[in-house]
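Visitor: Mind folding the following:
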Amino acid sequence: MTGLRQRKKEQTRRRIAAVALRLFTERGYDAVTVNEIAEAAEVAKATLFAYFPTKESLALHGVGDDDLAGIVASRPDGQTFLDALRAHFRAFAARQIPEADRDALLARVRVIQDSPTLQSAANALLYQQRQALAQVLADEYGPTAAALMAAQIAASLLTLQETYFQRLLDGASAEDARRALAKDVELAFDLLENGLERIERR
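Guide: Residues are numbered from 1 along each chain as shown. Purely as a prediction, here's the structure:
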């Protein structure tokens, strides 16, 4: 019974998210109200807020979800924090994303790009992610070094994501974009691990 209830809740959450994304894509984020989303998804406004506490969270679903701090904190003994993060993003780059999921992802990227409000909100989420990573690293390296390392890591990962999405938006196939991302992940972590001056020039 519990499993059925959870599946129904997940179906409702997915329906609300899909309806919101469709409306945002058709009319733009700012032109759509929460009431309109609830009505189109056939749920009460209170039900919508039970799944998504703000209108922004409807559009930013999935942004900043990588728990960098958790990955570092839960890594096995003997593994460096950069190796733990590299392994996580290697696995991400190796994933085959279904076409429907890719199309929804790109639609979300376009909605965010077209809305200054969402861009600011996304930046705030990424800042929180960076701060959480710095707090975990501070136990080993001290607050200043940890803040600098977290900033470099966060900037590198954001660039990886932006480059990957832009390739897809420019028409690259899913496989070509995935392969390029896999190479970029290795380059990014080589730079983080070895330093800028140790990378060979082309």
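Visitor: Name the helix or strand for the residue sitting nearest the centre point of the chain, please.
Guide: Nearest to the mean C-alpha position of the chain, by Cα atoms, centre = their mean, lies residue 63 at 3.5 Å. Assigned by DSSP states H and E, residue 63 belongs to no helix or strand.
Visitor: Per-residue pLDDT of the closest residue to it other than its chain neighbours, please?
Guide: Counting by Cβ to Cβ, 6 or more residues apart in numbering, residue 63 lies nearest to residue 122, which is 5.1 Å off, once chain neighbours are set aside. The way it works is simple: take the backbone N, C-alpha and C, and place the C-beta from them, glycine included. Turning to residue 122, the model gives it a pLDDT of 90.
Visitor: Hmm, residue 122 is touching residue 109, no?
Guide: No. Between residue 122 and residue 109 no contact is recorded; they are 10.2 Å apart, counting by Cβ atoms under 8 Å.
Visitor: in this protein, which spans are helices?
Guide: Applying DSSP state H to the chain gives helices spanning 2-27, 34-41, 45-51, 55-59, 68-73, 81-94, 99-113, 116-141, 143-169, 174-194.
Visitor: tell me what the longest one is packed against?
Guide: It stands for helix 143-169. Helix 143-169 is packed against helix 68-73, helix 81-94, helix 99-113, helix 116-141, helix 174-194, with contacts defined by 3 or more Cβ pairs under 8 Å, 6 or more residues apart in numbering; DSSP states H and E.
Visitor: now, of those helices, which is deepest in the fold?
Guide: helix 68-73 (a mean of 18; mean count of other Cβ atoms under 10 Å).
Visitor: For that one, give me every contacting residue.
Guide: Helix 68-73 has contacts (Cβ atoms under 8 Å, 6 or more residues apart in numbering) with 81, 84-85, 88, 129-130, 132-133, 135-137, 153-154, 157.
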